[in-house]
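Asker: A predicted structure for the sequence below; I have some questions about it.
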Amino acid sequence: MLFSENFKIAIRALRANKLRAALTMLGIMIGVATVVALLSVGNGATANITSSIQSNGSNLLTVSPGKQQSGPPGSGGSQQASYLYYSDYQLLQRSLVNNVAAIVPTYQSSYLVKYGNESFSVNVTGVTKDYQETNSYKMANGRFISDGDNTSQSRVAVLGSQTAEDLFGSLNPIGKTISVNGVKFEVAGVLESKGSSGFGSSDEAVFIPLETGYNKLFGSTATHNDKKIVNRISVSVTTTEAMDTVSAQIEFLIRRSHKLAASDELDFNVLSQSDLLSTLTSVTQTLTVFLGAIAGISLLVGGIGIMNIMLVSVTERTKEIGLRKAVGATKNQILTQFLIETVTLSLLGGILGILLGVGIALAFSVSGLISSVLTADSILLAFTFALAIGVFFGLYPASRAANLHPMVALRYE
Amino acid sequence: MIQTEDLMKVYQMGDSEVRALDGASFTIEKGEMVAIMGPSGSGKSTLMSIIGCLDVPTSGKYILDGLSVENMDEAKLAETRGRKIGFVFQQFNLLARTSALENVMLPLTYAGVSGRERTDRAMKALERVGLSKRTHHAPNELSGGQQQRVAIARALVNEPAILLADEPTGALDSKTSVEIMDLFQKLHSENGQTVILVTHDSYVARHTNRIIKLSDGRIVSDEINPNPIKAGAPRVEA
């Protein structure tokens, strides 16, 4: 007996109970749609982080305090406080001659920023002139912090695009005076938007000259043992090939200045963008798998729904099964017939679910709420799952049908 | 054609054994029209299911059209009943929402006949039962008599060795019953079709040439009926 015959029988049986078939399919459809949508959100997070890190320039080394660790930088190292000093920056500035384009120390802290009636808390970062270049910021308006601002400790600030909008609305912020933790700063420039990165928006920020920060804003929190501390030193390397060399030089220099013995662990770490990338993608990939697993559960529930309905259907059609056997259908033919019916249900549900899932993912993207990236892999995965569920959950009802005794089935009332 | 020897069918009901068939032996030749009679519980249903290859005997021999049935496996049994047996049931057992033609094609589908040949053979079978104008009607658009005709056409479509009818008039009114009996007689006399009627109704049984009576799983009588009732109503074109 041909496959197409069985397929026709299956379609006819499904059409005989349209509402029931539709509701059963709905279970699979929701499961598959969830898989597709959640995987695309997970992939979106990965892509987002990748692009935001790459937008910072790929030849960037980041030196930050704390022990070498596998988690995201800055999150650990608290068990034993360790610091990176402004003097470390000065040491690097003096000693690193070759292959280095720029070295930027930064100190960051959160302060209340005020203009007129608007006030809110925002990260204020003390930077030097090269920060703009190494972090690939573009000016929307005005100018960035200059070397002169640092040497003269002038009270100027550069605002991220979102912060500028939050404080000033449609007003032009250039030349206006804002208050940061009570200290007055004149707005010198506004940055172009970089879009949101993995961790909050890089458009919500205020930048001031680092020297001004040490002397007028940060106070004693930015010192340790009377030495000025920095949160991070970014080293922009001229070529990708020189990354390892420069990284080793930095480790050697700071290890010596921190007076660490050869056997001591480093109390700082030097990360390249690619290190950061691989750390973060492993995090988001775990997240993606986790989301997928949750969606998988709903798919499983849908599968149980299919099995339930097919068991009811087998019972209802006992007489039909008896008749089919009487006119020559073998066990295998009955098994195939019911299996095709389940697989058809789950595949139809799967295809509709993929469409729905793609729709949800696109809606996420378009609304800008959550970024999502659709991959052929996730669609294929969802489709395969739907098929597997159809076969797995169809097998038991189909074998119940196939194993009915023809005489008993014919007499069933 | 059919040869049985000491057929036994024993069911285990809890602790006790039930002998549904207790040593039935008989022979039915090709072209005979036979009634198997008995009250309910006499074993006639069990006998029918064994003759129809729906079940195998616990012991004993059954040879159908030269084939030894008692040792067949499930797939071989299914094939044999598809090719050798044409079933007609009391409740017609037609597939709902399926046209008469497609109902008749069903045995051919399982026998691996497809395409044009399948349609042609099904059409011919419907012509033989006088339903060539109702081929595209679903069962719920047909009268009881017409439905049973479709069922008979379905039974005939594989040109079976035996037409095996289980209370074929049990669900029909008397006028329609006469028509159906007439059809069986016609198929028997004009085409030499072997027909076995399983019934508890002696009036129906007396339409055949031979009556086998069962009681408690045994054959109690096996007699020639010299003057079968002729289903006499004038033919009504359905």
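Answerer: All right, it came through fine.

Asker: Mind jotting down where the strands sit in chain B?
Answerer: B:2-13, B:16-28, B:33-37, B:59-64, B:67-68, B:85-88, B:162-166, B:194-199, B:210-215, B:218-224 (DSSP state E).

Asker: low pLDDT regions in the chain?
Answerer: Chain wasn't specified; assuming chain A. A:1-2, A:55-58, A:68-81, A:195-201 (pLDDT under 70).

Asker: you looked at the wrong chain, it should be chain B
Answerer: Within chain B, the stretches with pLDDT under 70 are B:232-238.

Asker: Which helix runs longest in it?
Answerer: In chain B, with assignment by DSSP state H, the single longest helix is helix B:174-191.

Asker: which of the residues in that one are buried?
Answerer: B:176-188 (16 or more other C-beta atoms under 10 Å in any protein chain shown). Where you see a C-beta, it was placed from the backbone N, CA and C, and this is true even at glycine.

Asker: Now tabulate those residues in TSV and tack on distance to chain A.
Answerer: As requested, those are exported to TSV (distance: C-beta to the nearest C-beta, whole Å):
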residue	distance to chain A
B:176	21
B:177	21
B:178	26
B:179	23
B:180	19
B:181	22
B:182	24
B:183	19
B:184	18
B:185	24
B:186	23
B:187	18
B:188	21
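
Asker: Out of the strands of chain B, which gets nearest to residue A:17?
Answerer: strand B:85-88 (26.7 Å; C-beta to C-beta).

Asker: Quickly run through the sheet partners of the closest one, with directions.
Answerer: Sheet partners assigned to strand B:85-88 using DSSP bridges are listed as strand B:162-166 (parallel).

Asker: relative orientation of the strand it pairs with and strand B:2-13 in degrees?
Answerer: Put simply, strand B:162-166 runs at 40 degrees to strand B:2-13, going by axes from the mean of the first three to the mean of the last three C-alpha atoms, to 10 degrees.

Asker: Strand B:162-166: how far from the chain's middle?
Answerer: 1 Å (C-alpha atoms, centre = their mean, to the nearest Å).

Asker: residues in contact with that strand?
Answerer: Applying C-beta atoms under 8 Å, 6 or more residues apart in numbering or on different chains, the contact partners of strand B:162-166 are B:1-2, B:45, B:48, B:51-52, B:64, B:84-90, B:152, B:155-156, B:184, B:187, B:193-198.

Asker: Include mean neighbour count when you put the strands of chain B into CSV, please.
Answerer: Formatted as CSV, these follow (neighbours: other C-beta atoms under 10 Å in any protein chain shown):
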stretch, mean neighbour count
strand B:2-13, 16
strand B:16-28, 17
strand B:33-37, 25
strand B:59-64, 18
strand B:67-68, 12
strand B:85-88, 27
strand B:162-166, 25
strand B:194-199, 24
strand B:210-215, 20
strand B:218-224, 13
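
Asker: CSV for the ones you listed, including distance to residue A:3?
Answerer: Listed next are those as CSV, based on distance: least, C-beta to C-beta, whole Å:
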stretch, distance to residue A:3
strand B:2-13, 36
strand B:16-28, 39
strand B:33-37, 40
strand B:59-64, 31
strand B:67-68, 29
strand B:85-88, 26
strand B:162-166, 31
strand B:194-199, 35
strand B:210-215, 44
strand B:218-224, 46
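
Asker: Which one, of those strands, ends up nearest to residue A:305?
Answerer: Short answer: strand B:85-88, nearest of the strands of chain B by C-beta to C-beta, at 35.8 Å.

Asker: Please compute how far the closest one lies from its chain's middle.
Answerer: For strand B:85-88, the distance to the chain centre is 4 Å (C-alpha atoms, centre = their mean).

Asker: who touches that strand?
Answerer: By C-beta under 8 Å, 6+ apart, strand B:85-88 touches A:326-327, B:51-53, B:81, B:107, B:148, B:151-152, B:154-158, B:160-166, B:168.

Asker: Next, count neighbours for the residue of chain B found nearest chain A.
Answerer: Relative to chain A, the nearest point of chain B is residue B:82 (2.0 Å; C-beta to the nearest C-beta). Residue B:82 has 25 neighbours, counted by other C-beta atoms under 10 Å in any protein chain shown.

Asker: how about it, what does it touch?
Answerer: Contacts of residue B:82 by C-beta under 8 Å, 6+ apart are A:327, A:328, A:329, B:107, B:110, B:111, B:158.

Asker: Kindly indicate which of those lies nearest residue A:232.
Answerer: The closest of those to residue A:232 turns out to be residue A:329 (C-beta to C-beta; 74.4 Å).

Asker: Could I get the contacting residues of the most centrally placed residue in chain A?
Answerer: Residue closest to the average C-alpha location in chain A (C-alpha atoms, centre = their mean): residue A:45, at 2.1 Å. When contacts are counted by C-beta under 8 Å, 6+ apart, residue A:45 touches A:198, A:284, A:287, A:288, A:371.

Asker: again, but for residue A:111
Answerer: Per C-beta under 8 Å, 6+ apart, neighbours of residue A:111: A:121, A:122, A:124, A:180, A:181, A:206, A:217.

Asker: Just want to check the distance between the fourth one and residue A:110.
Answerer: The span separating residue A:180 from residue A:110 equals 11 Å under the rule C-beta to C-beta, to the nearest Å.

Asker: now swap in the third one and tell me
Answerer: Going from residue A:124 to residue A:110 by C-beta to C-beta gives 7 Å.

Asker: Who has more neighbours out of these two?
Answerer: The residue with more neighbours, out of residue A:124 and residue A:110, is residue A:124; 25 against 10, by other C-beta under 10 Å.

Asker: Using the three-state scheme, assign that one.
Answerer: strand (DSSP: H, G, I helix; E, B strand; the rest coil).

Asker: is it in a bridge, and if so with what?
Answerer: Under the criterion used here (DSSP bridges), residue A:124 is bridged to residue A:109, residue A:206.
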